[in-house]
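Visitor: What would the 3D arrangement of this be:
(one chain, ligands or ions: 1)
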Amino acid sequence: MVQRTPPMGWNTWNTFGENISEKLIFETADAMAESGLRDAGYQYLVIDDCWSKKQRDSEGRLEPDPEKFPHGMKAVSDYVHSRGLKFGMYSCAGTLTCAGYPGSFEHEFIDAATFAEWGVDFLKYDYCYKPDYENGRLLYTRMGLALANSGRDILFNACSWGADQTAEWIGCTGAHSWRSTGDINDGWESIRRLSDLQLSLQPYGGINCFNDMDMLVVGMGGKGNVGFTGCTEEEYRVHFSIWALRNSPLFVGCDVRDMSDATRRTLLNREVIAINQDPACRQPFLVSRRSDSSAIWAKLLDNGDIAIGAFNMEDQEAGAWCSLSLPLASLGLNRSCGKTLVLRDLWTGEESTVRDDVELLAVPAHGCRLFRARIVDR
Ligand code: GLA
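Guide: Numbers count the residues shown, from 1 in each chain. Alright, predicted model coming up:
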């Protein structure tokens, strides 16, 4: 299968960790369908680590933990599909998963066959407990081949956190996305760090093998498995805007059975999602920069518009803002072309026309402005 846009969905890990069950998955599938998440594009419901028994069965197959999933995985998968969603699961390239459950090392083909039998549409594939003598590229290649020969379209979501120069070899392995950074937590520093780390890796991502900046923490409010300090609503909008602009997969990590209105407004902003899902999936580029953490990035969109994100990640006192300059010439639009931009602010809905060669954008501390710009005559 060819993955043309960053995959979108929900994953158990950020909020629930090992506390997962059939009941949670059924209720989440209902919530994804009823909250509008599914219709906005979040189509994969993914069970992360801690779903299996600690031992394989006598024939070497993985088995679900009967206490968490008493009716087996096919029943879970059938329910998820019945709600118009796709079903994702998790395994690991090493001997054990990161939480210590059996990994798929040297069981790649039997596990891919099991996943296909259960109706799995997505596999997140981690990198813990990899034997030192084994080559990461070959392990991801083996699972890539196993999935591609399983008789089912299964999206392959690699998760080696950028280790062992993943960027250089992941595109050879059959992976449709790859975790380009370490694990996120629900705090501003984590968002800023993952965003900074992403900059040098951006050229590696694109159609059919997207850089995955990790699951979203929007709406977690400091609660749950990777809950930490929590973020303000504006910080969550910065996080979502960066992930959207950089073509990262968008996997919701909060409890979607209980989302606040603010969380819904962020996660369900269709115009921001459209920036992420733009069919061209072009690489973003730097337009102007005030400091390491305050800069404007842009991405050319398929229909000729331009996505423009202005980010102020600096630590300033509450209420402060910085001014970022948007020179039209940095987008290739020199005065001589006779064109300017109409900026549509995707978080407020306001529109304004750029009158001068350089537009100054006021951006609040730990805040952002995200625009869809269309080109008009001056
Ligand atoms: C690793 C991954 C996380 C999560 C856990 C599960 O840390 O990076 O996203 O899957 O393992 O144990």
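Visitor: Return the set of buried residues in the longest strand along the chain.
Guide: As assigned by DSSP state E, the longest strand anywhere in the chain is strand 367-377. Using 16 or more other C-beta atoms under 10 Å as the burial criterion, the residues of strand 367-377 that qualify are 367-373. (Glycine included, C-beta is placed from N, CA and C.)
Visitor: Can you tell me which of those is closest to the ligand?
Guide: Minimum distance to the ligand across the buried residues of strand 367-377 is 24.8 Å, recorded for Cys368 (C-beta to the nearest ligand atom).
Visitor: pLDDT at Gly206, what is it?
Guide: If you check Gly206, the pLDDT there is 94.
Visitor: Ok, the one 5 residues further on next?
Guide: Here the pLDDT value assigned to Asn211 is 98.
Visitor: swap in the one 3 residues further on?
Guide: In this model, Asp214 is scored at 98, pLDDT.
Visitor: Greatest separation within the buried residues of strand 367-377: which pair is it?
Guide: By the measure C-beta to C-beta, Gly367 and Ala373 form the most distant pair in these, at 18.9 Å.
Visitor: what about the residue in the stretch 51-200 of the chain that the ligand sits nearest to, distance to Gly182?
Guide: Closest contact between the stretch 51-200 of the chain and the ligand, by C-beta to the nearest ligand atom, is at Cys98 (3.3 Å). Separation of Cys98 from Gly182 (C-beta to C-beta, to the nearest Å): 12 Å.
Visitor: Please apply the same query to Gly338.
Guide: Going from Gly338 to Gly182 by C-beta to C-beta gives 47 Å.
Visitor: more neighbours, the two?
Guide: Ranked by neighbour count (other C-beta atoms under 10 Å), Gly338 and Gly182 place Gly182 first, with 14 against 9.
Visitor: Just to be sure, that one is in a strand?
Guide: No - counting by DSSP: H, G, I helix; E, B strand; the rest coil, Gly182 falls outside a strand, being coil.
Visitor: quick one: it and Asp212, what's the gap?
Guide: For Gly182 relative to Asp212 (C-beta to C-beta), the value is 12 Å.
Visitor: now do Ala167
Guide: With distances taken as C-beta to C-beta, Ala167 is found 12 Å from Asp212.
Visitor: list the residues that contact both of the two?
Guide: Taking C-beta atoms under 8 Å, 6 or more residues apart in numbering as the contact rule, the neighbours common to Ala167 and Asp212 are 178, 180.
Visitor: The two: which is more packed in?
Guide: Neighbour count, other C-beta under 10 Å: between Ala167 and Asp212, Asp212 has more, with 28 against 17.
Visitor: I am finished for the moment; much appreciated.
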